[in-house]
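**Student:** curious how this folds, go ahead:
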Amino acid sequence: MELDALDQLAATAFDGYIVRKDLAQRFKGQYPVPTYVGEFLLGRYCASTDDAEIAEGLAVVERQMRERTIRPGEEELFKSRAREQGSVKLIDLVTARLDAATDSYLITLPSLRLNDVRVDPEMVASNERMLTGGFYAEIQLEYDAIIAQEKAGRPFGITSLRPIQLSKRDLLTQLAQGREHFTTYEWKQFLLRSVGFEPGRLSARAQDVLLLRMVPFVERNYNIVELGPRGTGKSHLFQQVSPYSHLVSGGKATVARMFVNNSNGQRGLVCQYDVVCFDEVSGVSFDQKDGINIMKGYMESGEFSRGRESIRASGSIVMVGNFDVDVEHQQRVGHLLGPMPPEMRNDTAFMDRLHAYVPGWDVPKLDSSLFTIHFGLVSDFLSEAWAQLRGDNRLSAIQGRVNYGGALSGRDTTAVNRTVNGLLKLLYPNREQLISDEDLEWAVRLAMECRRRVKEQQKRIGSAEFRNTHFSYQMGNDGVERFVVTPELQSDNSIGTDPLPPGQVWAISPGGQDEGAGLYRIDVNEGPGSGVKIINVPVPGPFRESIKYGEQNLLTRARDLVGDRDPRQHEFIVQLRAFDAAKSGAQLGLPALLAFCSVLLNKSLKGGLIAVGGLNLGGGLDPVYNAVNVAELAIEKGATTLLIPISARRQLNDLSDEMAMKISVLFYADAREALLKALLE
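**Tutor:** Predicted structure coming up:
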């Protein structure tokens, strides 16, 4: 393998804490242990860029994996070795239970099919996670022949145990110091390599989804759902990378195991693990009727009550599952939480407790080309650092720098803040490091999108309280309001209900003798300078004329339209996008004028609005001769509001009742009235 620039940077920043990820992959499937177990050993013996040292360490790791992991069919061989040699070292999943009959703890070692292994109670007390699902560990298993001869004797016992995890107090400091060597872009790439993926083979969108999967590891009591096609690695991170997460396979989940066992007071998975992931969530159900309600209460407050005691825990809840159809079809037949269990899929109260809905369909199906062969942080180091980051907070560092729009409820704000906090902790492990506006905006947009996706499903169920889903934000005190959409709700040739950014407007050209009506979008950006530049090549003649009339009206009526802003001090960059057979852009003077005013005022036009109207140089309005056809096209394209000259009012009396119910019509008599009615209030 040739070291690239990121490898060299990682070797400098994290000497001793990196490992070649392809080495870890070579053990995957060869030995019956998760990836992070192999990486734990690789980090101990192969944390180097020197090929000779790596080869030497690799030989040690392979020998230990070969000699200490138990393949199916080798159980009796290892038991025999323990008997003949007195003890044997092995790597296995260690779980414990209390045997009330003998008032002792017993260990289960699944690889050896032993469930009655003796253990010192102090060892259990110092490793309580072995009582709630267990963990992988290096253990020394002894065999006592004298005990074997006793009636109901238990000859096997554990004399030493070392969990597969790293515990260092200054570990987070080392992570923060190493991070300072990277740009944000490089750090994102390195994080993805550290969990096994090659970012160069993934789209920016897929990379964002993979980073979202990491948030539950650094954010306490964080609840997410991810649904998507099979084979996209939704459970990979929660099963293979960190010993602080626990994967619950589809099926019955017991209240005692998840929360607390009333018979002995033993705390459950949410108390023992940082992340509890429900795999194949569509098949999950609880053994008690109140199980879902207990989980809803826990997801809301981080507390649950069993008996008289109220117990607090910090484990994050992750739910992953599969679509049997594609996203578009799922939206047609129901909503995007349809694959959830019956008790959850239509429960808006449950949905409200989800902080984010991660779009699993944006990650490609995994194949060998998507896994990295480069250096990344040893999973053990990374997962330990993530565990320590859970106690940090980045929200105080961004206070006052971003304001959320009025569509966000209290729970929406909490959810977005949780996601933003988690993403920023991933990018900035050093709490003193200055967070850039670009990174903050990236985190806010991603967080709002994932929370809005939850809100959209609530709206689909029909609850009136969730109708306003137009999430927006402003950066700084004088920032422009920007709206965040969920991409799966958008279509290239239809109008959504979300406001477009300032300077953009949907428009319909009424057409003419040689061309029918057609949908267009006019995009205008402004900068220092003067004049108008149309970037379409070639520029359609009728559209050039529309822009000319729009610009002339702007210049002559600037005081009425944009106040003290002088359009002569700005250069306007214009682009026309056509969505139908009509391409000329004829009679779009009024929409062009709205776009000019919108970008100068830094204000968006109303969401779902489509503008119609031609202008002449004197400011007069051209008549619309086919107003009914225009209105029907607007409805077909998904518009909710049609802005049209008052001269078309009588024609629209012929619009059918069915069509008239689907759209709101706003009439205007001049350009200023059109602008006032079009601007978002």
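**Student:** just how off-centre is whatever helix or strand Asp380 lives in within its chain?
**Tutor:** Using DSSP states H and E, Asp380 falls within helix 379-389. Mean C-alpha position of helix 379-389 versus that of the full chain (Cα atoms, centre = their mean, to the nearest Å) differs by 20 Å.
**Student:** moving C-terminal of it, what's the next helix or strand?
**Tutor:** By DSSP H and E, the next helix or strand past helix 379-389 is strand 402-404.
**Student:** next, the buried residues of that following strand.
**Tutor:** Neighbour counts over strand 402-404 (16 or more other Cβ atoms under 10 Å) mark 402, 404 as buried. C-beta: built from backbone N, CA, C; applies to glycine.
**Student:** elements contacting that strand?
**Tutor:** For strand 402-404, the packing partners by 3 or more Cβ pairs under 8 Å, 6 or more residues apart in numbering; DSSP states H and E come out as helix 410-427, helix 437-461, strand 472-475.
**Student:** switch these over to JSON lines; also include mean pLDDT.
**Tutor:** Formatted as JSON lines, those follow (pLDDT from 0 to 100):
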{"stretch": "helix 410-427", "mean pLDDT": "96"}
{"stretch": "helix 437-461", "mean pLDDT": "93"}
{"stretch": "strand 472-475", "mean pLDDT": "90"}
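**Student:** related to what we said a few turns ago, show me the contact partners of the helix holding Asp380.
**Tutor:** 14, 17, 24, 35-36, 39-40, 43, 164-168, 171-172, 175, 194-195, 214, 217-218, 241-244, 274, 376, 425-426, 429 (Cβ atoms under 8 Å, 6 or more residues apart in numbering).
**Student:** can you tell me which of those residues are in strands?
**Tutor:** Taking DSSP state E, the ones among the contacts of helix 379-389 that sit in strands are Gly376.
**Student:** buried ones among the contacts of helix 379-389?
**Tutor:** Neighbour counting over those (16+ other Cβ under 10 Å) leaves 14, 17, 24, 35-36, 39-40, 43, 164-166, 171-172, 175, 194-195, 214, 217-218, 241-244, 274, 376, 425-426, 429 as the buried ones.
**Student:** how far away is Asp4 from Thr49?
**Tutor:** In this view, Asp4 and Thr49 are 12 Å apart by Cβ to Cβ, to the nearest Å.
**Student:** more neighbours: the two, which one.
**Tutor:** Neighbour count, other Cβ atoms under 10 Å: between Asp4 and Thr49, Thr49 has more, with 16 against 12.
**Student:** select the longest strand from this structure.
**Tutor:** Scanning the chain for the longest strand, with DSSP E as the assignment, gives strand 87-99.
**Student:** neighbouring strands for it, and are they parallel or not?
**Tutor:** Strand pairing for strand 87-99, using DSSP bridges, gives strand 104-109 (antiparallel), strand 135-143 (antiparallel).
**Student:** got CSV for these, with mean neighbour count and distance to Val574 too?
**Tutor:** As requested, the strands paired with strand 87-99 are exported to CSV (neighbours: other Cβ atoms under 10 Å; distance: least, Cβ to Cβ, whole Å):
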stretch, mean neighbour count, distance to Val574
strand 104-109, 20, 71
strand 135-143, 20, 61
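**Student:** among those strands, which is nearest Ile522?
**Tutor:** Nearest of the strands paired with strand 87-99 to Ile522, taken as Cβ to Cβ: strand 135-143 at 59.6 Å.
**Student:** circling back: want to throw the strands paired with strand 87-99 into CSV with mean pLDDT and distance to Gln30?
**Tutor:** Listed next are the strands paired with strand 87-99 as CSV, based on pLDDT from 0 to 100; distance: least, Cβ to Cβ, whole Å:
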stretch, mean pLDDT, distance to Gln30
strand 104-109, 93, 20
strand 135-143, 91, 16
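**Student:** of these, which is nearest Glu53?
**Tutor:** strand 135-143 (22.0 Å).
**Student:** what's next to whichever helix or strand comes after the closest one, contact-wise?
**Tutor:** Proceeding N to C from strand 135-143, the next assigned helix or strand is helix 145-148, under DSSP H and E. With contacts defined as Cβ under 8 Å, 6+ apart, helix 145-148 is touched by 83, 153-155.
**Student:** just the CA trace of helix 145-148, in CSV.
**Tutor:** Output in CSV follows, covering the C-alpha atoms of helix 145-148 (Å, rounded to 0.1, in the frame of the first residue of the first chain):
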residue,chain,number,x,y,z
ALA,A,145,-9.7,-31.5,38.5
ILE,A,146,-10.5,-31.8,42.2
ILE,A,147,-13.7,-29.7,41.8
ALA,A,148,-14.6,-31.8,38.8
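**Student:** how far away is Gln587 from Leu210?
**Tutor:** 47 Å.
**Student:** higher neighbour count, these two?
**Tutor:** Set Gln587 next to Leu210 and count neighbours by other Cβ under 10 Å: Gln587 wins out with 26 against 22.
**Student:** ok, and the closest non-adjacent residue to that one?
**Tutor:** Using Cβ to Cβ, 6 or more residues apart in numbering and skipping residues adjacent in sequence, the residue nearest Gln587 is Gly614, 3.3 Å away.
**Student:** show me where pLDDT drops low in the stretch 501-650 of the chain?
**Tutor:** By pLDDT under 70, the stretch 501-650 of the chain has no low-scoring segment.
**Student:** okay, strands next: where are they in it?
**Tutor:** Assigned by DSSP state E, counting those that start in this stretch, the strands in the stretch 501-650 of the chain fall at 504-509, 518-528, 531-534, 570-578, 609-611, 641-645.
**Student:** any idea which of those is most buried?
**Tutor:** Across those, averaging neighbours per residue (mean count of other Cβ atoms under 10 Å) puts strand 609-611 on top, at a mean of 29.
**Student:** pretty sure Arg431 is touching Ile398, no?
**Tutor:** No - here Arg431 lies out of contact with Ile398, judged by Cβ atoms under 8 Å, at a distance of 11.8 Å.
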